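Enquirer: structure, please.
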Amino acid sequence: MWLPQLHLMRVISVKSQGYSIATDISGPMTVNGPERGSLMVQCVYNSGWETYLKWWCRGATWYGCKILVKTTGSEQEVKRDRVSIKDNQKNHTFTVTMEDLMQTDADTYWCGIERTGTDLGVTVQVIIDPAPVTPEETSNSPTLTGHHLDKSGWDVPRAGTAAPGGRPLLCRPDPAADQNLPTKGYHEALLLCPG
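Expert: You can find the predicted model right below:
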């Protein structure tokens, strides 16, 4: 009766050198992508799984994850919302692309292969790196006319002044206004802000 135990071992994930492995399928443990950009995840599978359906699932638990996109058993790309998947059966890989990334996309995902019984799958942690504020974003924002330096010397904008998306408004002090100000403590200064 060793066969059922070996069968169970094929779906157990282990971590090795930056890759999640479930013997017949592997993928990167973590992938980073820039906010508003895109990322690609390449998952590798063993020979014999070429025509099986491959999927990309979101959720920390195996049984609670939601399949976002699934192949059709061919090499044709399938796209759903901001996510696509494409199987390369010759190279035994499938690639998932996530576009227009948002901070809320950061989560645990799974590369998987659908089969009778329990599917094969490995986890991939997706991390979204914050995007820098661009001049276009701040040009439509309110203009900040003063700031305070906290005890560490950092600018502390007044409440209610933020760039689109809730990011802090980035301004630089007016050099002419700062010439006559003390170097320590709390004080107000004029700032030059886009808009």
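
Enquirer: going forward, measure contacts and count neighbours with C-alpha atoms only.
Expert: OK.

Enquirer: buried ones in stretch 47-55?
Expert: 49-50, 52-55 (16 or more other Cα atoms under 10 Å).

Enquirer: where do the helices of this protein begin and end?
Expert: Ranges of helices in the chain, per DSSP state H, are 2-9, 135-139, 175-178.

Enquirer: ok, of the ones you listed, where does mean pLDDT dip lowest?
Expert: Mean pLDDT is lowest for helix 2-9 out of those, coming in at a mean of 30.

Enquirer: one step back: would you turn the buried residues of stretch 47-55 into a markdown table with pLDDT and distance to residue 110?
Expert: Shown next, in a markdown table, are those (pLDDT from 0 to 100; distance: Cα to Cα, whole Å):
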| residue | pLDDT | distance to residue 110 |
| --- | --- | --- |
| 49 | 96 | 17 |
| 50 | 96 | 18 |
| 52 | 97 | 16 |
| 53 | 98 | 14 |
| 54 | 98 | 10 |
| 55 | 98 | 8 |
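
Enquirer: nearest to residue 75 among these?
Expert: Using Cα to Cα, residue 50 comes nearest to residue 75 of the buried residues of stretch 47-55, at 9.3 Å.

Enquirer: isn't that closest one up against residue 94?
Expert: No: between residue 50 and residue 94 there is no contact under Cα atoms under 8 Å: 9.8 Å.

Enquirer: for residue 125, give me its contacts.
Expert: By Cα atoms under 8 Å, 6 or more residues apart in numbering, residue 125 lies in contact with 29-31, 106-109.

Enquirer: again, only using 6 Å
Expert: When contacts are counted by Cα atoms under 6 Å, 6 or more residues apart in numbering, residue 125 touches 29-30, 108.
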